[in-house]
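>>> Based on what follows, work out the 3D shape:
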Amino acid sequence: MKKIYGIQSAILLFVGVGALFGGLLAISDPYGVSYGASTDLLKKGPFTNFLIPGLFLLLIIGLGHLISFIFVKFKLKFHVYISGGAGCILMAWILIQCYMLNAIHLLHIIFFLIGLFESLIALYMLIKLKLFPFTHKFQ
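Below you'll find the model as predicted:
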């Protein structure tokens, strides 16, 4: 299980740090000029610039993954559920992004697969730790 924890921690840290930087970039330049994105990409969605998606990327994906990393690293209560949830949120983010952009790029596929892998690792951990489906006592 030590190896599984290491893999999950590395994935969570990788996605978290990357999302922090991506979110900060989108927030600092919501019109995408510095990173070559056009707001025309957003015409199918509810946003006119990248500020709200950048905030979501920073706070939910980035900080969410980093908080999940801390939970997994220190094996805090509910760490498996939180890391699985982070993977599911990442997959949902990618699907929504593909819909709103009306396109699928290689990075979408890669990050969707990373989210899927995170979720599958969490499921494996749930089964191995005999926490599947729920055996924690919620108080």
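>>> list the contacts for residue 114?
11, 14-15, 87, 90 (CB atoms under 8 Å, 6 or more residues apart in numbering). Yep, even glycine has a C-beta here, placed from its N, CA and C like the rest.
>>> Adding pLDDT, neighbour count and distance to residue 35, write those out as CSV.
Putting these into CSV (pLDDT from 0 to 100; neighbours: other CB atoms under 10 Å; distance: CB to CB, whole Å) gives the following:
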residue, pLDDT, neighbour count, distance to residue 35
11, 98, 23, 24
14, 98, 13, 20
15, 98, 24, 19
87, 98, 25, 26
90, 98, 25, 20
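>>> Among these, pick out the one closest to residue 126, please.
residue 87 (12.3 Å; CB to CB).
>>> Name the nearest residue to that closest one, ignoring sequence neighbours.
residue 118 (3.0 Å; CB to CB, 6 or more residues apart in numbering).
>>> pLDDT score for that neighbour?
The model reports residue 118 with a pLDDT of 98.
>>> cool, and residue 103?
For residue 103, the model assigns a pLDDT of 89.
>>> quick one: it and residue 133, what's the gap?
36 Å (CB to CB, to the nearest Å).
>>> now residue 92
20 Å.
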